[in-house]
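Asker: Any chance you could fold what I've pasted below:
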Amino acid sequence: MAEMLVAQRHELLLRELEAAGGLKVSELVNRLGVSGATIRRDLADLEADGRVTRVRGGAMLAVPPAVSGAAGATATRPSATPVAPSRALGLLVPSATYYYPRVVAGVQAAAAARGARIVIGLSDYARPDDLTQIDELRAAGAAGLLVTSAGGPLVPQATLDRLRDSGLPFVLLERQPQDRYGAYEFVASDHRQGAAAAVRHLAELGHERVALFTNGSPTAGHIREGHAAAVEQLGLDASAPVVDSGQPSPGAAEAAECYDRFVATCLEGGARAALVHSDHDAIELMRRMRSRGLRTPEDLALIAYDDEIAALADVPLTAVAPAKHELGELAARLLLDRLDAAEPPAVRQVVLQPRLIVRASCGAASGG
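Answerer: Numbers count the residues shown, from 1 in each chain. Modelled structure (predicted):
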């Protein structure tokens, strides 16, 4: 009976990771209702079976090799033992539990297809240590680096200097250099276009006032720019609320008050549609609306930004979906091309436009 319970718990845990891409141990404890020690033991068992990859403080689903028999396709963390330098890619990301698990999966797939492996380093939004992680990835034997800095969308000059001083080729992921004319390779999402597409869709549904709610993330500035540009271009009412929550703790009274004020301001000013970054914020905002007897999309049509868990909301959320997996694949290919080329290729800078996935929350017929 105990083994059956363990197996059932493992399946539940895998479903949670599949839905979210990656989760912290504390989040899994809350979702499964078991102790942290139990979750860590389960993750160790699942990692031994090749089904998850553990990272600091949490885990993400392991991605199977894209080519059967490809050597070393599983991601690992930096270790003291160097790996084969010609086939190892160092990957630095700021999160293992939101947004970046799908990027990592794309990197893994492209690396496996070319007989390479990745070595993962984790920085942290709250305590960024990009420079240390770059040094550790280099020491672990990486021949090239894929880097998402923990700060804003523009990579700090100190980080670029450290990358350049490492002597390794590198590609920036979801980040761009501060010097727009710098000869640095990057693959990034155009979040301005993603936000503009959401505003345009709501305008086509008849909304003349489209509000905006962001959560203080590195992406928020570009989303605000895209929202403002679309409002101006489409001739919409610029008085609709534009709010940034400043990242209050999830579930805190401060967060609930911020959602309530946003909804009240929208309704008082006649805004009946909003773009909300992120999925978590859109879902919490809908929950607060329900507590006041309000409905989505009837009282306030919503579009979420990120599409991590938008489809799982009570009212499935229309969402702007950055091409995360493709972004990871393209970045890895750019780096591998540079590592494998007899002569250095031209510097490539790739910008991907997010897709808009239509579901129920905006009030339009679902597009899939």
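
Asker: Which parts of the stretch 201-350 of the chain are strands?
Answerer: Using DSSP state E, counting those that start in this stretch, the strands of the stretch 201-350 of the chain run over residues 211-214, 242-244, 273-276, 301-305, 318-321, 349-352.

Asker: In CSV: these, plus mean neighbour count.
Answerer: For every residue, glycine as well, the C-beta is placed using N, CA and C. Below are the strands of the stretch 201-350 of the chain laid out as CSV (neighbours: other CB atoms under 10 Å):
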stretch, mean neighbour count
strand 211-214, 26
strand 242-244, 18
strand 273-276, 30
strand 301-305, 30
strand 318-321, 26
strand 349-352, 16
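
Asker: Is it possible to get those out as TSV so that each row also shows distance to residue 123?
Answerer: As requested, the strands of the stretch 201-350 of the chain are exported to TSV (distance: least, CB to CB, whole Å):
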stretch	distance to residue 123
strand 211-214	22
strand 242-244	23
strand 273-276	26
strand 301-305	22
strand 318-321	24
strand 349-352	22
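
Asker: The ones you listed: which one's closest to residue 188?
Answerer: strand 349-352 (5.8 Å; CB to CB).

Asker: helices or strands up against the closest one?
Answerer: Strand 349-352 is packed against strand 185-189, helix 324-340, with contacts defined by 3 or more CB pairs under 8 Å, 6 or more residues apart in numbering; DSSP states H and E.

Asker: give me the element residue 132 is part of.
Answerer: helix 130-139 (DSSP states H and E).

Asker: By neighbour count, which bits of that helix are buried? Give me those.
Answerer: 130-131, 133-138 (16 or more other CB atoms under 10 Å).

Asker: one step back: mean neighbour count added to the helices and strands packed on strand 349-352, as a markdown table?
Answerer: Shown next, in a markdown table, are these (neighbours: other CB under 10 Å):
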| stretch | mean neighbour count |
| --- | --- |
| strand 185-189 | 23 |
| helix 324-340 | 22 |
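
Asker: Using JSON lines, lay out the ones you listed together with distance to residue 170 and mean pLDDT.
Answerer: JSON lines is the format used below for these (distance: least, CB to CB, whole Å; pLDDT from 0 to 100):
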{"stretch": "strand 185-189", "distance to residue 170": "7", "mean pLDDT": "98"}
{"stretch": "helix 324-340", "distance to residue 170": "7", "mean pLDDT": "96"}
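
Asker: Would you reformat those as a markdown table and include distance to residue 212?
Answerer: Converted to a markdown table, those look like this (distance: least, CB to CB, whole Å):
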| stretch | distance to residue 212 |
| --- | --- |
| strand 185-189 | 18 |
| helix 324-340 | 22 |
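
Asker: closest one to residue 50 among the ones you listed?
Answerer: helix 324-340 (19.6 Å).

Asker: Packing partners of that closest one?
Answerer: Against helix 324-340 (3+ CB pairs under 8 Å, 6+ apart) you get strand 88-93, helix 100-113, strand 144-147, strand 170-173, strand 185-189, strand 349-352.
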